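Colleague: only geometry, no sequence info:
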């Protein structure tokens with residue numbers, strides 16, 4: 001019982017978010033030795049059970065620190081600097097439970113980082129989501145990692161996300177495979193391609209607003225999720241049957257909840273439920289792919305791809321042989337784009353709408369700016385790229401909302417070799433975690449960070465101070481699509497409606513990977 005207490009209870013309560021001091025190994029060894037001596041005269045069954053339990057607990061404890069022991073051994077033999085300060089937490093779980101529960105802290109969801117930064121500085125080690133990890137904080141760290149992509153670091157998301165999105169997704173692959181997939185995605189998502197697609201994309205958004213956004217009470221967050229799930233399904237797979245959309249949305253919720261979780265594949269865990277949801281989603285996607293392949297085989301020469309699925313089926317995964325992408329590669333990338341395209345945009349727009357509701361003067365000015373563009377247009381005329389870009393406050397409002405509540409907590413890489421950074425060794429094979437919000441919400445980079453102030457983006461800021469889409473070779477491929485989507489939606493909403501929150505005290509919370517409004521953000525819409 002004392003062994004269990006020392007290993008599992010001795011760290012301070014998780015909700016306190018205090019880094020638990022490392023348990024002295026000598027204390028554990030002393031207790032095990034003393035208990036063994038005391039039990040020699042006891043029943044053989046009690047003695048055997050005690051020794052077995054003690055061995056299991058001790059093995060678990062040593063296993064938790066095995067990555068540190070191996071790294072220290074290699075470091076001593078190569079005369080590298082010491083490992084970063086920090087601790088590895090509980091056996092198997094590491095500090096994952098503390099990390100995930102800290103997101104529920106309504107006053108400061110970044111408290112896990114803040115407490116460790118105060119104790120250890122901008123570089124510390126931990127064990128997160130199944131992997132030994134070095135956490136790097138600040139714009140200097142952002143620059144170091146992003147500019148050394150593919151040389152010192154490679155993308156390596158947590159096991160849960162890698163298994164759910166698929167090992168063949170563009171976010172998971174490296175080298176030549178990554179370049180080929182990026183090239184295919186850019187055919188649809190690059191700036192020039194989006195300029196061509198903008199009328200079609202605007203039609204999809206306007207159709208959704210006409211159907212689901214009316215004067216009166218609207219629960220904005222679920223309506224945004226529904227909107228962008230339908231738009232992405234149409235854009236990526238030409239899917240628009242409401243019955244199919246409704247069925248997939250229900251499954252998709254379980255998929256999202258397990259993306260950042262301990263990778264324990266059991267039926268009752270978040271990860272296990274998400275893996276089952278992935279199987280259901282893939283079954284539908286495989287069916288869609290096979291149907292489309294049959295249609296394309298009958299298509300005449302000169303057929304033009306109309307969505308991402310067509311592009312992936314027409315493209316080659318090998319420049320030399322011209323071999324097409326296999327069905328698993330196509331499915332993984334469709335699933336990734338559906339996942340990334342819905343949640344990040346819906347989350348950001350929910351934050352935008354809340355921030356505008358809380359800041360009526362900015363809302364009024366933005367509505368005037370959008371109205372000036374609308375007044376120059378005939379009914380039914382579509383927006384142009386230049387008109388949308390002329391509403392500069394629109395871009396600043398979106399950026400400031402992303403700064404205040406970044407849609408993605410951070411990014412993960414893996415060290416390709418032993419790396420020296422800031423006087424510490426980052427061991428080869430360890431995960432490296434960049435916490436993006438640790439620059440976005442700090443006064444040294446953005447003065448008065450709790451204030452919603454879009455004007456701070458009227459001037460340039462440090463390249464690596466504000467990185468909601470990442471930077472470098474692996475910057476988010478859907479970045480331009482996300483910004484275009486949000487701008488078009490906000491323009492049409494503001495031209496049509498004034499709005500206010502039903503409950504101005506509603507908070508933005510984090511429960512999974514993305515921030516979202518606690519009550520679904522009910523808005524009262526009033527026609528202009």
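Modeller: Nice, thanks for sending it over. None of these values were measured; they are calculated from a predicted model.

Colleague: skipping adjacent residues, who's closest to residue 67 in space?
Modeller: Using C-beta to C-beta, 6 or more residues apart in numbering and skipping the chain neighbours, the partner closest in space to residue 67 is residue 132 (3.8 Å). In this view, the C-beta of every residue, glycine as well, is placed from N, C-alpha and C.

Colleague: swap in residue 440?
Modeller: Spatial nearest neighbour of residue 440, chain neighbours left out: residue 403 (4.7 Å); criterion: C-beta to C-beta, 6+ apart.

Colleague: for residue 330, see how far away the one you found is.
Modeller: Computed as C-beta to C-beta, to the nearest Å, the residue 403 to residue 330 distance reads 35 Å.

Colleague: any chance you could map the helices in the stretch 401-528 of the chain?
Modeller: For the stretch 401-528 of the chain, the helices defined by DSSP state H, counting those that start in this stretch cover 437-440, 479-496.

Colleague: what do you get for the stretch 101-250 of the chain?
Modeller: Applying DSSP H, counting those that start in this stretch to the stretch 101-250 of the chain gives helices spanning 111-120, 139-146, 159-165, 175-189, 191-212, 220-237, 242-257.

Colleague: what mean pLDDT does the longest one get?
Modeller: In other words, helix 191-212. Across helix 191-212, pLDDT averages out at 91.

Colleague: how distant is that helix from the center of its chain?
Modeller: Its chain's average C-alpha position is 25 Å from that of helix 191-212, according to C-alpha atoms, centre = their mean, to the nearest Å.

Colleague: same deal with the fourth one?
Modeller: Distance of helix 175-189 from the chain centroid (C-alpha atoms, centre = their mean) equals 20 Å.

Colleague: give me the contact list for that helix.
Modeller: Residues from elsewhere that reach helix 175-189 (C-beta atoms under 8 Å, 6 or more residues apart in numbering): 150, 170, 173, 193, 197, 235, 305, 307-308, 311-312, 315-319, 333, 337, 474, 477-478, 480-481.

Colleague: buried ones in that helix?
Modeller: Judged by neighbour count using 16 or more other C-beta atoms under 10 Å, the buried positions of helix 175-189 are 177-178, 180-182, 184-185, 188-189.

Colleague: TSV please, covering those and showing distance to residue 377.
Modeller: Shown next, in TSV, are the buried residues of helix 175-189 (distance: C-beta to C-beta, whole Å):
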residue	distance to residue 377
177	44
178	41
180	41
181	38
182	36
184	35
185	32
188	27
189	27
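
Colleague: which one among those residues gets closest to residue 422?
Modeller: The closest of the buried residues of helix 175-189 to residue 422 turns out to be residue 178 (C-beta to C-beta; 28.0 Å).

Colleague: quick one: the closest one and residue 156, what's the gap?
Modeller: Counting by C-beta to C-beta, the gap from residue 178 to residue 156 is 13 Å.

Colleague: picking that back up, quick one: closest of the helices of the stretch 101-250 of the chain to residue 443.
Modeller: Among those, the nearest to residue 443 by C-beta to C-beta is helix 111-120 (12.7 Å).

Colleague: pull the contacting residues for the residue lying closest to residue 206 once chain neighbours are set aside.
Modeller: Excluding the flanking residues, the one nearest residue 206 by C-beta to C-beta, 6+ apart is residue 492, at 6.1 Å. Residues near residue 492 by C-beta under 8 Å, 6+ apart: 205-206, 209.

Colleague: try 10 Å this time
Modeller: Each residue near residue 492 by C-beta atoms under 10 Å, 6 or more residues apart in numbering is listed here: 202, 205-206, 208-210, 213, 370, 374, 383.

Colleague: can you select the buried ones among those for me in PyMOL?
Modeller: To isolate the buried ones among the contacts of residue 492 in PyMOL, judged by 16+ other C-beta under 10 Å, type:
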select buried, resi 202+205+206+208+209+213+370+374+383
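
Colleague: now tabulate the contacts of residue 492 in JSON lines and tack on distance to residue 433.
Modeller: Converted to JSON lines, these look like this (distance: C-beta to C-beta, whole Å):
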{"residue": "202", "distance to residue 433": "38"}
{"residue": "205", "distance to residue 433": "35"}
{"residue": "206", "distance to residue 433": "40"}
{"residue": "208", "distance to residue 433": "36"}
{"residue": "209", "distance to residue 433": "38"}
{"residue": "210", "distance to residue 433": "43"}
{"residue": "213", "distance to residue 433": "38"}
{"residue": "370", "distance to residue 433": "39"}
{"residue": "374", "distance to residue 433": "44"}
{"residue": "383", "distance to residue 433": "39"}
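
Colleague: relative to residue 159, how far out is residue 369?
Modeller: With C-beta to C-beta as the criterion, residue 369 and residue 159 are 45 Å apart.

Colleague: and for residue 204?
Modeller: 35 Å.

Colleague: who has more neighbours out of the two?
Modeller: Taking neighbours as other C-beta atoms under 10 Å, residue 204 and residue 159 compare with residue 204 leading, 20 against 16.

Colleague: show me the contacts for that one.
Modeller: Contact analysis of residue 204 by C-beta under 10 Å, 6+ apart lists 197, 227-228, 230-232, 234-235, 240, 485, 488.

Colleague: just the buried residues of these.
Modeller: 197, 227-228, 230-232, 234-235, 485, 488.

Colleague: closest one to residue 361 out of the residues you listed, please.
Modeller: residue 488 (23.7 Å).

Colleague: would you confirm that the closest one contacts residue 202?
Modeller: Yes. With contact defined as C-beta atoms under 10 Å, residue 488 reaches residue 202; the gap is 5.4 Å.

Colleague: surely residue 273 is in a strand?
Modeller: No. If the criterion is DSSP: H, G, I helix; E, B strand; the rest coil, then residue 273 is helix and not within a strand.

Colleague: that one - nearest residue in space that isn't next to it in sequence?
Modeller: Excluding the flanking residues, the one nearest residue 273 by C-beta to C-beta, 6+ apart is residue 254, at 4.8 Å.

Colleague: alright, that wraps it up for me.
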